[in-house]
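J.: Okay, sequence plus prediction incoming.
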Amino acid sequence: MTKASFLAFDLGASSGRAILGKLHDKKLELIEVHRFKNQMTRIHGHYFWNIYSLFDELKTGLKKCISEFGIQPDSIGIDTWGVDYAVVSENGQFTALPFAYRDHRTDSAMDEFFQLLSKEETYQLTGIQFMQFNTLFQLYSSVRDKSQGIESARSFLFMPDALGYLFTGKKYTEYTIASTSQLLKPGKAEWEETLFKAAGIPFSLAGEIILPGTVTGEILAEVQEETGSKAIPCVAVAGHDTASAIASVPAKEGNWAYLSSGTWSLLGIESPVPLVSEQTLAMNFTNEGGVEGTTRFLKNIMGMWLIQECKRVWDTKSTMGWHEIVALSNHAKPFISLINPDDASFLNPGDMPQAVQEYCARTNQPVPQTKGEIARCIYDSLVLKYKYTLRQIETVTGKKIERLHIIGGGAHNSMMNQLTADATGIEVLAGPTEATATGNILLQAKALGKVNSLAEMREIVSNSFEVIRFKPSPKLNWEEAFERFEKLQ
């Protein structure tokens, strides 16, 4: 295999990274080139993403790769969180900053939409988990409110596609990111026009859908000049960060599940076909697009957002490190109080520690007081939610999950990994931690003919990164705690 270098831009809801991948002899080396913060901007009571600032950070990443690291990448690829989008006018400009998915304008949108098209029919048409910020409900809200220049819009672009458009001037819609929108047919790269009509969204806004691993065009001359780069291609990787992450799971045969652990916990399986039924509707599972025609059958769980927001609040008085938070929680008594991580009160409360305390009081449980008690309540509840979700998957498929691959930043948390193994009773394999960037890079390699298949991508991951194993050794009564937890669902 010839040497090649690829630059992945991996953007999460709290931070972004430019990661350089150097591929040689079926091994991948990662180098962090640039890291930057990302946060919602509040303007006149609404939350937005500053897409122009993000674009500047990506250009800085490309410039640093060339000028500071001395490497001209062969291509670039962009992945982000799902559902959010930018609206494009007739003259090719964004009509406004993109709304952030935690904006409260969609608080009543789902119930309002179900007056136009039933919940059951919407799920059968899409197979997507109901969350108030899905693109369907965001666009419905914009049409309802006549906001963001929606009436003069000519197209909309999901966040990775919008950033790719700034790099290349080419408009496209990548399949995996579009599949998070609740606007596509299950398992197909096709829009479901019925949903556009029901929501009053002009179908003309829907663009051409392309598959992950498609070269979309070269970066613009102005970007080349600003960054010092050559005319390299931009690749539409699996634009949804979870899709890129799952493509890098170093899994072999057998019944395995994945947990992409970050701001969100995305727990599920890779299925050859969508799993859409009354049962999966009742369980609120989603069917999102994957690489090489696979379906990501999974559930979105609130995830590390809960503890990230606690840390943000605590840091206003005294800065804490993550290791300190884990240590405090490890010394707190387990199972005193539990929460449902997906309760609507945790979506964007402003003061997460207070929201956890109020939930416990509302559900007649002891109210955690210390930082360690609040963190332990969150960690225990997340682990029990993983156990609950895995049991649901087994009920749907009729197959026992044999092991769980934890990827992403959450794979660093050894305490959580061990608790997850103990609670679920199955082996947990943690790593790679930079799974999303890895999948992004390897899909660029595939687009440029350096890698041939998803199986080869996973072989390269196995060759390149250490996986840490956690075997079940339960010392706590997880089943009793689980019985209490189930009553909160």
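T.: All right, it came through fine.
J.: thought residue 267 was touching residue 259?
T.: Yes. Using Cβ atoms under 8 Å, residue 267 is in contact with residue 259, at 4.9 Å. Backbone N, C-alpha and C define where each C-beta goes, glycine included.
J.: For those two, work out which one has more neighbours and name it.
T.: Higher neighbour count among residue 267 and residue 259: residue 259, with 28 against 24, using other Cβ atoms under 10 Å.
J.: which of the residues in the helix or strand encompassing residue 306 are buried?
T.: Using DSSP states H and E, residue 306 sits within helix 305-315. Under the neighbour-count criterion of 16 or more other Cβ atoms under 10 Å, helix 305-315 has 305-307, 309-311, 313-314 buried.
J.: Export it to CSV, keeping only CA atoms.
T.: The C-alpha trace of helix 305-315 is given here as CSV (Å, rounded to 0.1, in the frame of the first residue of the first chain):
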residue,chain,number,x,y,z
TRP,A,305,-24.1,15.9,27.9
LEU,A,306,-25.5,15.4,31.4
ILE,A,307,-22.1,15.3,33.1
GLN,A,308,-20.6,17.9,30.7
GLU,A,309,-23.3,20.4,31.7
CYS,A,310,-22.7,19.6,35.4
LYS,A,311,-19.0,20.3,34.9
ARG,A,312,-19.7,23.6,33.1
VAL,A,313,-21.9,24.8,36.0
TRP,A,314,-19.4,23.6,38.6
ASP,A,315,-16.5,25.2,36.8
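J.: helix or strand right after that helix?
T.: Towards the C-terminus, the helix or strand next in line after helix 305-315, according to DSSP H and E, is helix 322-331.
J.: Residues touching that following helix, excluding its own?
T.: Residues from elsewhere that reach helix 322-331, judged by Cβ atoms under 8 Å, 6 or more residues apart in numbering: 307, 310-311, 370-372, 375-376, 378-379, 413, 415.
J.: For residue 267 and residue 259, list the residues in contact with both.
T.: Here residue 267 and residue 259 share the contacting residues residue 386, scored by Cβ under 8 Å, 6+ apart.
J.: Regarding residue 259, what is its secondary structure?
T.: The local conformation at residue 259, judged by DSSP: H, G, I helix; E, B strand; the rest coil, is strand.
J.: Please apply the same query to residue 186.
T.: Under three-state DSSP, residue 186 falls in the coil class.
J.: ok, it - how many residues close by?
T.: 22.
J.: quick one: low-confidence parts of the stretch 1-150 of the chain?
T.: By pLDDT under 70, the weakly predicted segments of the stretch 1-150 of the chain are 1-2, 148.
J.: what ranges do the helices span in it?
T.: Ranges of helices in the stretch 1-150 of the chain, per DSSP state H, counting those that start in this stretch, are 51-67, 109-113, 119-126, 135-145.
J.: With the stretch 201-350 of the chain instead?
T.: Listed in chain order, the helices of the stretch 201-350 of the chain (DSSP H, counting those that start in this stretch) span residues 221-227, 241-247, 278-283, 305-315, 322-331.
J.: Not counting the longest one itself, show me its contacts.
T.: To tie it back to what came earlier, the one meant is helix 305-315. Under Cβ under 8 Å, 6+ apart, the answer for helix 305-315 is 13-14, 263-264, 320, 322, 325, 341, 346, 349, 351-353, 356, 371, 374-375, 378-379, 382.
J.: and the angle from the helix holding residue 306 to helix 322-331?
T.: In terms of direction (axes from the mean of the first three to the mean of the last three Cα atoms, to 10 degrees), helix 305-315 departs from helix 322-331 by 110 degrees.
J.: How far off centre is helix 305-315?
T.: 19 Å (Cα atoms, centre = their mean, to the nearest Å).
J.: And the average pLDDT for it is what?
T.: Across helix 305-315, pLDDT averages out at 97.
J.: likewise stretch 441-452?
T.: Averaging pLDDT along stretch 441-452 gives 97.
J.: Could you take the helices of the stretch 1-150 of the chain and lay them out as CSV, with extra columns for distance to residue 22?
T.: Below are those laid out as CSV (distance: least, Cβ to Cβ, whole Å):
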stretch, distance to residue 22
helix 51-67, 11
helix 109-113, 45
helix 119-126, 39
helix 135-145, 35
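J.: Packed most tightly, which of those helices would that be?
T.: Neighbour counts (mean count of other Cβ atoms under 10 Å) averaged over each of the helices of the stretch 1-150 of the chain peak at helix 135-145, with a mean of 23.
J.: Show me what that one is packed up against.
T.: Packing contacts for helix 135-145, counted by 3 or more Cβ pairs under 8 Å, 6 or more residues apart in numbering; DSSP states H and E, involve strand 85-89, helix 109-113, helix 193-199.
J.: Which PyMOL command selects the buried ones in the contacts of helix 305-315?
T.: Buried subset of these, written as a PyMOL selection, criterion 16+ other Cβ under 10 Å:
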select buried, resi 13+14+263+264+325+341+346+349+352+353+356+371+374+375+378+379+382
